[in-house]
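Peer 1: attaching a predicted model along with its sequence, questions to come.
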Amino acid sequence: QKEVEQNSGPLSVPEGAIASLNCTYSDRVSQSFFWYRQYSGKSPELIMSIYSNGDKEDGRFTAQLNKASQYVSLLIRDSQPSDSATYLCAVPDNYGQNFVFGPGTRLSVLP
Amino acid sequence: GAVVSQHPSRVICKSGTSVKIECRSLDFQATTMFWYRQFPKKSLMLMATSNEGSKATYEQGVEKDKFLINHASLTLSTLTVTSAHPEDSSFYICSASPMVKDDEQFFGPGTRLTVL
């Protein structure tokens, strides 16, 4: 059974700082990785996907993947109070159909 | 693109009644749709996976006779909570995987169910 782990937080950063969110997963066969943002009372929203080792940048967001270490992270540059949310890491299961979600990290950006 | 809608967004019902929730992929065809439940301050819990034209696959501990899922077309799946009880009150969220990129999931806005 694949497992996805995240620090539950809360992670507090001041406005304008870099927020670093981490995720580890339990197996070496995973090929795709997803970061979702979920505001309180809302459904998750896909913000980044990453498939290859290294960095992938999209605006203020950078996903970093290290398959050898089974580690994927999300960096948010110039954090804004509107970034305050729970960030979920998701990895397809061994059949590639369902997602295994991490428990989420709650980020709080302080003005 | 990749928009998923859910209806209704909020429903309040009496104990013992049944509630149907619709999930639609608006601008893509979905091979697979997923139903999740989320309690306050808790993580998403997958309830079932449905593929168009076949029976849903339920996760362990989810009663298939209580949570009826119908995936009648490539753009519509429904979840019916039968004989709802207060403990069924939760946030129900569907997601859909596009046929052209089935390793991604796009979520609907969710349905908040309150059973009195």
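Peer 2: Great, that's in hand.
Peer 1: low-confidence ranges in chain B?
Peer 2: Applying pLDDT under 70 to chain B flags residues B:1.
Peer 1: how about the residues of it near chain A?
Peer 2: Counting by Cβ under 8 Å from any Cβ of the partner chain, the residues of chain B lying close to chain A are B:32, B:34, B:43-44, B:46, B:49, B:91, B:93, B:95, B:97, B:102-110. Yep, even glycine has a C-beta here, placed from its N, CA and C like the rest.
Peer 1: in strands, which of those residues fall?
Peer 2: Using DSSP state E, B:T32, B:F34, B:L46, B:T49, B:F91, B:I93, B:S95, B:S97, B:F106, B:F107 are the members of the residues of chain B next to chain A that sit in strands.
Peer 1: in ChimeraX, how would I select just the buried ones from the residues of chain B next to chain A?
Peer 2: What follows is the ChimeraX syntax for the buried subset of the residues of chain B next to chain A, where burial is set by 16 or more other Cβ atoms under 10 Å in any protein chain shown:
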select /B:32,34,43,44,46,49,91,93,95,97,104,105,106,107,108,110
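Peer 1: relative to A:T86, how far out is the residue of chain A found nearest chain B?
Peer 2: Scanning chain A for the residue nearest chain B gives A:S43, at 4.2 Å (criterion: Cβ to the nearest Cβ). Distance, A:S43 to A:T86, by Cβ to Cβ, to the nearest Å: 12 Å.
Peer 1: what about the strands in chain B?
Peer 2: Listed in chain order, the strands found in chain B under DSSP E are B:4-7, B:10-13, B:19-25, B:30-38, B:45-51, B:57-58, B:67-73, B:76-81, B:90-98, B:106-107, B:111-115.
Peer 1: starting at the chain centroid, how far to the first one?
Peer 2: A distance of 9 Å separates the centroid of the chain from that of strand B:4-7, by Cα atoms, centre = their mean, to the nearest Å.
Peer 1: okay, buried residues for that strand please.
Peer 2: Under the neighbour-count criterion of 16+ other Cβ under 10 Å, strand B:4-7 has B:V4, B:Q6 buried.
Peer 1: fine by me, we can end here.
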